[in-house]
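Participant: what follows is a predicted structure for the sequence shown.
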Amino acid sequence: MRPRGNPPRSLRRRTVGRLAAALVPAPAALAAGPAGAAAPASAAAAYGSGGIDDFACRPSAAHPRPLVLLHGTFLNPAEQWPVAGPYFAERGYCVFELDYGQYNGIPLVHGIAPIEDSARQLAAYVDRVLAATGAQQVDIVGHSQGGGALPRYYLKFLGGAEKVHALVGIAPTNHGGTASGLFTLAQQIPGATPVIGTACPSCVEQFVGSDFNRRLDAGGDTVPGVRYTTIVSRLDEVMTPVSNQFLTGPNVRNVVVQDLCPLDVSEHVLVGTVDGVAFHEAANALDPENATPTTCADLLSGVTGLVAGVL
């Protein structure tokens, strides 16, 4: 079993500062949350040791499917999941984190390889998890590419539909993004897209209107048998327009975090790294029979989890 690694110090400091600033106006509203939605008494009680990638783990009757977490573009598991990994492990899930998308020997900055190649990594990893745990299917929670383009490609083209029960995408790159117009501008500059694609093939594949997106979207957003949830922030500045993150089709639920907590100011990165509202709603999506209301009080679970990881 691999112990939880801490994200780089610079990332931790930036994230703590930004989230703390985001929560400054919130104490009164959080205090007004319903009974039972209060924050845990201590970070240790909420998160424990947070061991991840334990291939000796056997899923429980309460959570019979292993949970695979997929980081986003440019990230790796240690940076992406300092809160969500322990969050789900302490709730009884067998949690596994795939580190995918390595390209041209670039260290730490992952998720940049062609998505088709990363999807083959995902397929092999899911098979390994299923073989080790004895489960028939996994659930997937992913952020950005890891919640959108990557798992959808696996489900649609590599036989993943039979092996995945639920896909929860947080700020998912389902139909490409414009980065508030920056990607669109790059596409209009002669030669810019090929240059970007040389360093980060997955980046250009996630541009709105890319050949990859047209192929992925052909024939519909979903595949039969999989339950889909998207969890998005209206303040997302990368996957714009935000509506491009939503899916259409049967067994789809699209959620906006500000509809659950108007005080949530997470943007593209924070909603997938430290947002307790997003993680609580993801937990509800994985176990809808035991779902509980998601409120602004859940923001505190992200804060306490992050502090536990930093300390």
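Facilitator: Received, thanks.
Participant: I'd say Gln102 and Leu108 touch.
Facilitator: No. Between Gln102 and Leu108 there is no contact under CB atoms under 8 Å: 9.6 Å. In this view, the C-beta of every residue, glycine as well, is placed from N, C-alpha and C.
Participant: these two: who's more crowded?
Facilitator: The neighbour comparison of Gln102 against Leu108 (other CB atoms under 10 Å) goes to Gln102, with 18 against 12.
Participant: so the more buried one is in which element?
Facilitator: Under the assignment given by DSSP states H and E, Gln102 is not contained in any helix or strand.
Participant: repeat for Leu69
Facilitator: Element membership of Leu69, judged by DSSP H and E, is strand 67-70.
Participant: next one: the nearest residue to Arg120 once chain neighbours are set aside, what pLDDT does it get?
Facilitator: Leaving aside its sequence neighbours, Arg120 sits nearest to Leu158 (CB to CB, 6 or more residues apart in numbering; 6.9 Å). As predicted, Leu158 sits at a pLDDT of 99.
Participant: next up, the contacts around Leu158.
Facilitator: Contact analysis of Leu158 by CB atoms under 8 Å, 6 or more residues apart in numbering lists 119-120, 122-123.
Participant: how close does it sit to Tyr228?
Facilitator: From Leu158 over to Tyr228 the distance is 17 Å, taken as CB to CB, to the nearest Å.
Participant: for Ser202, same thing?
Facilitator: According to CB to CB, Ser202 stands 21 Å off from Tyr228.
Participant: with Gly160 instead?
Facilitator: 13 Å.
Participant: what's the answer for Cys203, then?
Facilitator: When distance is defined by CB to CB, Cys203 is 24 Å away from Tyr228.
Participant: the more surrounded of the two?
Facilitator: Tyr228 (25 against 20).
Participant: which secondary structure state does the more buried one sit in?
Facilitator: Under DSSP: H, G, I helix; E, B strand; the rest coil, the three-state class of Tyr228 is strand.
Participant: next: Leu299.
Facilitator: Per three-state DSSP, Leu299 ends up helix.
Participant: confirm that Arg120 sits in a helix.
Facilitator: Yes. Counting by three-state DSSP, Arg120 is part of a helix.
Participant: of the contacts of Leu158, buried ones?
Facilitator: Neighbour counting with 16 or more other CB atoms under 10 Å marks 119-120, 122-123 as buried within those.
Participant: so which of the contacts of Leu158 comes closest to Thr295?
Facilitator: Thr295 lies nearest to Leu122 out of the contacts of Leu158, by CB to CB, at 33.0 Å.
Participant: pretty sure that closest one contacts Ala149?
Facilitator: No. Taking contacts as CB under 8 Å, Leu122 lies outside contact range of Ala149: 11.3 Å.
Participant: now the common contact residues for those two.
Facilitator: Contacts common to Leu122 and Ala149, judged by CB under 8 Å, 6+ apart, are absent.
Participant: circling back: now the buried ones among the contacts of Leu158 in CSV, with distance to Tyr87?
Facilitator: Converted to CSV, the buried ones among the contacts of Leu158 look like this (distance: CB to CB, whole Å):
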residue, distance to Tyr87
Ala119, 26
Arg120, 28
Leu122, 22
Ala123, 26
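Participant: output those residues as JSON lines; include the columns pLDDT and distance to Ile52.
Facilitator: Shown next, in JSON lines, are the buried ones among the contacts of Leu158 (pLDDT from 0 to 100; distance: CB to CB, whole Å):
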{"residue": "Ala119", "pLDDT": "99", "distance to Ile52": "22"}
{"residue": "Arg120", "pLDDT": "99", "distance to Ile52": "23"}
{"residue": "Leu122", "pLDDT": "99", "distance to Ile52": "17"}
{"residue": "Ala123", "pLDDT": "99", "distance to Ile52": "20"}
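Participant: can you give me phi and psi for Gly219?
Facilitator: Dihedral pair for Gly219: phi 90, psi 10, per degrees, to the nearest 10.
Participant: how many neighbours does it have?
Facilitator: Residues lying near Gly219 (other CB under 10 Å) number 9.
Participant: show me where the stretch 201-311 of the chain has helices.
Facilitator: 201-205, 211-217, 257-260, 270-273, 276-286, 299-310 (DSSP state H, counting those that start in this stretch).
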